[in-house]
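[1] Predicted model, plus sequence, below.
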Amino acid sequence: MPQPGPPPPRVADPERLIDLAEFAVLRGVTTRTMQNYVEDSLQAWTAGRDGMLPLPDDTQPAPHGLRYQWRHDRALAWTFPE
């Protein structure tokens, strides 16, 4: 039987939006890896569903494309599934 992973960290404001870099830290991967996950998720997101990453909660124009943000609680749930 596999060992359960670590519990998700507690957060003071679960509705706070986090960016790709913060999401990368939660997942323990590089920002570049997360950028690859975004690229692999775009088609699913366009269809209105989760991809390699959950649908962003907010998308804003950025100097070099789009800035994606997720609610902290949703990012934690994605990173630490029960």
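    Perfect, I can see it now.
[2] pretty sure residue 74 is touching residue 57, no?
    Yes: with contact defined as C-beta atoms under 8 Å, residue 74 counts as touching residue 57 (6.7 Å). Heads up, the C-betas are built off the backbone N, CA and C, glycines and all.
[3] These two: who's more crowded?
    More neighbours surround residue 74 than the other of residue 74 and residue 57, with 18 against 15 (other C-beta atoms under 10 Å).
[4] Contact partners for that one?
    Residues near residue 74 by C-beta atoms under 8 Å, 6 or more residues apart in numbering: 54, 57.
[5] before we move on, which element is it in?
    Mapping residue 74 onto the secondary structure by DSSP states H and E places it in helix 72-79.
[6] Next, the buried residues of that helix.
    If you call a residue buried by 16 or more other C-beta atoms under 10 Å, then helix 72-79 has these buried ones: 72, 74-76, 79.
[7] Could you do stretch 36-47 as well?
    Neighbour counts over stretch 36-47 (16+ other C-beta under 10 Å) mark 37-38, 41, 45 as buried.
[8] List just the nearest of those to residue 20.
    The nearest member of the buried residues of stretch 36-47 to residue 20, counting by C-beta to C-beta, is residue 38 at 6.9 Å.
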